[in-house]
Every structure is written in C-alpha cells, then in structure tokens.
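1. 3D, please:
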Amino acid sequence: MDAVDFQIIHELQADGRLTNQDLADRIRLSPSPCLRRVRRLEESGLISGYTATVDQVTFGLPITVFVRIRLERHTAEAVNAFEEHIGLIDHIQDCYLMAGSSDYLLRVVIESLEAYEALVRTRIHAIPGIASIESSFAFGSVKQSRVYPRPGVSARRPTAGRADR
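-> So this is what the prediction gives:
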C-alpha cells in the first residue's frame, strides 16, 4: 500500500457513497487509475464491504451497554459454546476477547432497560459456563469514529508549546 491507497481508504471510510469521479477528485487522481486501485483494494480483502451508518437512537435502540463476561472454565468446549451463543444474539453488536479480569467485553444496543433485563435473563444467563456478568450503561457518546488512523503515525501528542519538527 502506498500513500494514495491510504487516501482512498480514508475517503471511503468517511463516505462510502462517493462516486468514483468524486473519489478521484479528492485524491487528485484520474478516474480510471482510481477505480483500478479501489478494485485492487477490494480484491485483496482490505476493503471488505460497504455499509450505511444508521443513527442508533432514531432507529429505536437508544441504550448502549458494555458487558464484561468472565467464564467459569477456559476449556476449548466452554469457549466455543460461549462464542457460538453470543453470535446468535443480534443485540450484541461487538464481542471482544479480553486480557485482564474479564474474558469478554460485549457492546449491546437495546431499546429499554426492561428489554436489557429480559435479554440478560433469557439469553445471556442461558449460556453455559458464565461465572459473572457485569454491565455498564453508557449515558452519552463523546466520540465514535469509523475512520482508522494511518498505521505507523505516532499516537503521541506533541509537547505543549513545542512545534513538531
């Protein structure tokens, strides 16, 4: 990947509905080579699809819950069973395998506290091998980004009062 590929990816993450002409204009490339690059990025699997960004609250799922799960056992069977069950619950948007005191971190979107309680009681508690469930409710969002930072660029903040060189 070169700088142009990074620009293409950045622009498409910010707006996946760009026409090839608009994308080519933004990255200062003619349309044909731009389209060839996009197709190459798609064929390589780097661009794996396109999606619409939907407003969660307007859609009717105003509550976000982060759920930390700890398993009783860490056998292959217990882990596989847990992960299979989690994959079947649509309200669970993300499931991360964690290091630390929790084994998994889930992001759940749901319509109400009552619906979350029902989800925990009927679907999550029903998963065998769970030792503990801890829920944290988000009451606001400070930042949500779907545009990845460029790899290799320092994450350090510049020192105050000192210009980057």
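2. so which strand or helix has the spatially most central residue of the chain?
-> Of all residues in the chain, the one closest to the mean position by CA atoms, centre = their mean is Asp94, 6.7 Å from it. Here Asp94 sits within strand 92-97, counting by DSSP states H and E.
3. cool, and Ala99?
-> Counting by DSSP H and E, Ala99 is held by no secondary-structure element, helix or strand.
4. Do you know the pLDDT at it?
-> pLDDT recorded at Ala99 is 96.
5. Determine the number of other residues adjacent to it.
-> Around Ala99 there are 6 other residues, counting by other CB atoms under 10 Å. Backbone N, C-alpha and C define where each C-beta goes, glycine included.
6. what does Arg123 give?
-> Using other CB under 10 Å, Arg123 has 16 other residues around it.
7. Please apply the same query to Tyr104.
-> Quick note: Tyr104 (other CB under 10 Å) scores 19 neighbours.
8. Could you measure from it over to Glu84?
-> 13 Å (CB to CB, to the nearest Å).
9. now do Val108
-> 17 Å.
10. More neighbours: which of these two?
-> For the pair Val108 and Glu84, the greater number of neighbours falls to Val108 (24 against 10), based on other CB under 10 Å.
11. my read: that one touches Ile69, true?
-> No. Using CB atoms under 8 Å, Val108 is not in contact with Ile69; the gap is 11.2 Å.
12. and for those two, which residues touch both?
-> Overlap of the contact sets of Val108 and Ile69 (by CB atoms under 8 Å, 6 or more residues apart in numbering) is empty.
13. Great, nothing more from me.
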